[in-house]
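> here is the input, now give the coordinates:
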Amino acid sequence: MDAPRDCLESLAGFPDALTGTGIDIGGFPVRFAQSPADLEQVGFLRGDRFNAARAAHTDSDRFDSLSAHLMVFAPDRARLVATARLRLVTDDTDFSATYTGQYYGLSAVMRAYPRALEIGRLCQVADAKMMPDALRALLAALTLIAGQTRAELLFGCTSFRGQNTQRHSSALSWLKAKHLGPVALRPARIHPRSSALPDGMPDPHAARQALPALLRMYLGMGGWVSDHVVIDPDLDTVHVFTAVDTATIPPARSRALRALCSV
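Just a heads-up that it's a prediction; the model follows:
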């Protein structure tokens, strides 16, 4: 995995509490990657979760050196169980030069939110017992980071495994019916492999169950999505632009996540 000359350079502007040994969140040690060895662990987890179909051993791209990498460890610190790539985007940053900006036209979002946090490559181990709590710890860390960096928006691409949009039609039509973003903020379609969200009103329970766990949590925080998806053959996914306005996160939800952070 490509690493910046000094991993600490990418942490500028992020909370000091998450450097060094980090903090405990709901029993999970959480900190930023701070060395090439840390980034190697991140790359291997990402490779397992995003590139398993290609039998790739690791995952990396040109955006890694521009970002901070959040690491969530098992309670015994024996292994990495979740990770996410974070980039603080300000009014001095070209949104089109971000990972998400490759796929979605973000000029309206950029005008409305001059300080935002891009979240990418979020993944966790395939451990049914570990996953819900590890994901909750990661989201609690994101809430802490958003507050301390004064990010007004969390945004990124949320993936469905598999490129066949028909396979995901129930969940995607539910998103169109219930969770589209404001018209004035919706990203423009700029990618040749994009397609509109399908129409329809599926069974609510089945549709919600078909949503990725991460997307369900974002929606529970007041999140919204674009009116189209992008097919990514490289990662064998379909993804949708997802955004959470930090000012509109339900107070009870925010308090519950912050309460997990022992800082």
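> the helices in the stretch 51-200 of the chain, which residues?
Applying DSSP state H, counting those that start in this stretch to the stretch 51-200 of the chain gives helices spanning 107-112, 131-149, 169-178.
> I'd like to know which of the ones you listed is closest to residue 224.
Between residue 224 and the helices of the stretch 51-200 of the chain, the shortest gap by Cβ to Cβ is with helix 169-178, which sits at 9.0 Å. C-betas here are computed from N, CA, C, even on glycine.
> on contacts alone, who are the packing partners of the closest one?
Packing partners of helix 169-178 (3 or more Cβ pairs under 8 Å, 6 or more residues apart in numbering; DSSP states H and E): helix 204-210, strand 224-232.
> what does the pLDDT read for residue 153?
pLDDT recorded at residue 153 is 95.
> quick one on the thing from earlier: mean pLDDT added to the helices and strands packed on helix 169-178, as a markdown table?
Formatted as a markdown table, the helices and strands packed on helix 169-178 follow (pLDDT from 0 to 100):
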| stretch | mean pLDDT |
| --- | --- |
| helix 204-210 | 89 |
| strand 224-232 | 96 |
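> out of these, deepest packed?
strand 224-232 (a mean of 22; mean count of other Cβ atoms under 10 Å).
> got the angle between that strand and helix 169-178?
150 degrees (axes from the mean of the first three to the mean of the last three Cα atoms, to 10 degrees).
> ok, residue 241 - contacts?
100, 103-104, 155-157, 187, 225-226 (Cβ atoms under 8 Å, 6 or more residues apart in numbering).
> correction: the previous question concerned residue 153.
Residue 153 makes contact with 109, 112-113, 115-117, 243-246, according to Cβ under 8 Å, 6+ apart.
> CA atoms of stretch 194-203 as CSV?
Only the C-alpha atoms of stretch 194-203 are listed here, as CSV (Å, rounded to 0.1, in the frame of the first residue of the first chain):
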residue,chain,number,x,y,z
SER,A,194,-24.2,5.6,-14.0
SER,A,195,-27.9,4.8,-14.0
ALA,A,196,-31.0,6.2,-12.4
LEU,A,197,-32.4,4.7,-9.3
PRO,A,198,-35.4,2.5,-10.3
ASP,A,199,-39.0,3.4,-9.6
GLY,A,200,-41.3,1.3,-7.5
MET,A,201,-42.4,0.8,-3.9
PRO,A,202,-41.0,-2.5,-2.6
ASP,A,203,-41.9,-4.2,0.7
